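K.L.:
Pasting the sequence and the predicted coordinates here, then a few questions.
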Amino acid sequence: MTVIKKAQPMSAGEPAKALWISTVAFTLCFAVWTIFAIIGIRIKQELGLNEAEFGLLIGTPVLTGSLVRIVLGIWTGRYGGRLVYTLTMLAAAVATFLLSYAHTYTQMLIAGLGVGLAGGSFAVGVAYVSPFFPAEKQGTALGIFGAGNVGAAVTKFAAPFVLLAWGWQAVAEIWAAGLALMAIIFWFTTTDDPAFRLRRERGVASKSLAQEFAPLQNLQVWRFSLYYFFAFGGFVALSLWLPRYLVGVYGFNLEAAGMIAAAYSIPGSIFRAFGGVLSDKKGARSVMYTMFAVSAVATLILSLPATTITPVIFIVVIFVLGFFMSLGKAAVYKHIPAYYPESVGAVGGIVGMMGGLGGFILPIAFGLLKDMTGLWSSCFLLLFAIVAISLIWMHLSVKQLSRQSHSAPVAAT
């Protein structure tokens, strides 16, 4: 029996309202989280930053937004997603606004730590949204919510116009104002999730930290984390790496390369919702098998010497890869409320953290491999290795689960 069946009855439109408002809020959070992708270029020029300093600047929000997810996920379980989500947005908005008053590199980095809170909102949203829906609809709901990743494209398209008209400080201030307004709207238009209401009504004491972290002792949680490291982290890494790759390999100008990267990001985010629907109808495990199989073929093709692949073939294959990675992002999170219904915040937080770290670590690894080997396609060899390990580990684990429970179906099959 799921939490939603034991909680007090909800109004007919309450789950849908919670889902859509949370999704809009996450879209704005993601737009703020990726703000340095645009304004960082102008800041680099103004401060005369070298490449290492620039990389640290744009990576700081990604890193902190990833690391904070597990804490925010646990707090969501303790204090309710409505409160934690609102406070997270307000804190990120304040940091983003203060960024416009930063003048030194150190001040920029400190402000970036606060901006990174916006990325941590994903763990809050997952733990808040999932209790509103029964198990058979959670994949669809979390897929729709996760489509808020499209906020990165919002920043890539809109921020350059604001920057050119009024300066990068205006981008920070307008994005901060939008996020603060969204926090207020969220607070006054949503209710506490059913799981939190049930605990409050029954006077259930909050779990100890040991209880919160207990599921993290399960190897399965770290297996899910590896899946998300590839599906989400790899997707983010490629969206950041693509412009540089297209310029370096095929001689595209920066404008064209940037538009292709933006075009890669948008459907890759939106199709996450479709991945949630497929996970509910076909089973998350089936979606994961398909995602890994197609990704293995795609990364293997892209691992060929870059000069042997035409630009058209490269773009087609990379878009296919991005599409299936988006399906996989949704499928991973379909597993979490199915296997850990009482620990969605903690488990969702650690899985989200590892995915975010993938978006931070992989671009650095891509650059190091390029410097070491001289091969642009070496980044895809790394992704192929991650896919192969994930697929083998998943298959061996599924076979073991099948042997252990022939009579009882697995929750997320």
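P.N.:
Okay, I see it. Numbering: from 1, shown residues only.
K.L.:
where in the chain is pLDDT low?
P.N.:
Applying pLDDT under 70 to the chain flags residues 1-10, 12, 51-52, 203-213, 254, 405-413.
K.L.:
Name the residue closest to the centre of it, please.
P.N.:
Centroid-nearest residue in the chain: residue 232, 5.7 Å away (criterion: Cα atoms, centre = their mean).
K.L.:
For the closest residue to it other than its chain neighbours, list the residues it contacts.
P.N.:
Using Cβ to Cβ, 6 or more residues apart in numbering and skipping residues adjacent in sequence, the residue nearest residue 232 is residue 355, 3.5 Å away. Placement of C-beta: from N, CA and C, glycine included. Counting by Cβ atoms under 8 Å, 6 or more residues apart in numbering, residue 355 makes contact with 66, 225, 228-229, 231-233, 329.
K.L.:
Narrow those residues to those in helices?
P.N.:
Among those, DSSP state H puts 66, 225, 228, 329 in helices.
K.L.:
Show me just the buried residues among those residues.
P.N.:
Neighbour counting with 16 or more other Cβ atoms under 10 Å marks 66, 225, 228, 329 as buried within the ones in helices among the contacts of residue 355.
K.L.:
I'd say the first one and residue 350 touch.
P.N.:
Just to be clear, that refers to residue 66. No - using Cβ atoms under 8 Å, residue 66 makes no contact with residue 350, being 10.4 Å away.
K.L.:
Just confirm residue 25 contacts residue 186, I think it does.
P.N.:
Yes - contact status for residue 25 versus residue 186: in contact at 5.3 Å, counting by Cβ under 8 Å.
K.L.:
returning to that earlier point: now for the residue nearest to the centre of the chain: which residues touch it?
P.N.:
Counted by Cβ under 8 Å, 6+ apart, residue 232 has contacts 325, 329, 332, 352, 355-356, 358-359.
K.L.:
7 Å - rerun?
P.N.:
Counting by Cβ atoms under 7 Å, 6 or more residues apart in numbering, residue 232 makes contact with 329, 355, 358-359.
K.L.:
Equivalent analysis for residue 43, please.
P.N.:
Residue 43 sits in contact with 57, 108, 168, where contact means Cβ under 7 Å, 6+ apart.
K.L.:
Pick out whichever of those residues sits closest to residue 399.
P.N.:
residue 57 (45.7 Å; Cβ to Cβ).
K.L.:
What residue, apart from its backbone neighbours, is nearest that closest one spatially?
P.N.:
Once flanking residues are discounted, residue 57 sits nearest to residue 40: 5.6 Å by Cβ to Cβ, 6+ apart.
K.L.:
Also residue 288?
P.N.:
residue 331 (5.0 Å).
K.L.:
tell me which element the one you found is part of?
P.N.:
Using DSSP states H and E, residue 331 falls within helix 311-339.
K.L.:
can you pull the buried residues of whatever helix or strand comes next after that helix?
P.N.:
The helix or strand immediately downstream of helix 311-339 is helix 344-373, counting by DSSP H and E. In terms of neighbour count (16+ other Cβ under 10 Å), helix 344-373 has its buried residues at 344-363, 366, 369-370.
K.L.:
roughly how far is helix 344-373 from the heart of the chain?
P.N.:
Averaging C-alpha coordinates over helix 344-373 and over its chain gives two centres that are 11 Å apart (Cα atoms, centre = their mean, to the nearest Å).
K.L.:
For the next helix-or-strand element following it, which helices and strands make contact with it?
P.N.:
Heading C-terminal from helix 344-373, the first helix or strand you meet, by DSSP H and E, is helix 378-404. On a contact count with 3 or more Cβ pairs under 7 Å, 6 or more residues apart in numbering; DSSP states H and E, helix 378-404 meets helix 219-228, helix 284-302, helix 344-373.
K.L.:
how far out from the middle of the chain is stretch 177-190?
P.N.:
Distance, centroid of stretch 177-190 to centroid of chain: 21 Å (Cα atoms, centre = their mean).
K.L.:
same thing with stretch 89-98?
P.N.:
Worked out by Cα atoms, centre = their mean, stretch 89-98 lies 20 Å from the chain centre.
K.L.:
Helices of the stretch 1-150 of the chain, start to end?
P.N.:
Here the stretch 1-150 of the chain has its helices, by DSSP state H, counting those that start in this stretch, at 3-6, 14-33, 36-47, 51-67, 69-79, 81-99, 105-115, 117-129, 135-146.
K.L.:
contacting residues around the second one?
P.N.:
Pointing back at helix 14-33 there. 61, 65, 85, 89, 92, 96, 115-116, 118-119, 121-122, 125, 128-129, 132-133, 141, 144-145, 147-152, 154-155, 175, 178-179, 182, 186, 189-191.
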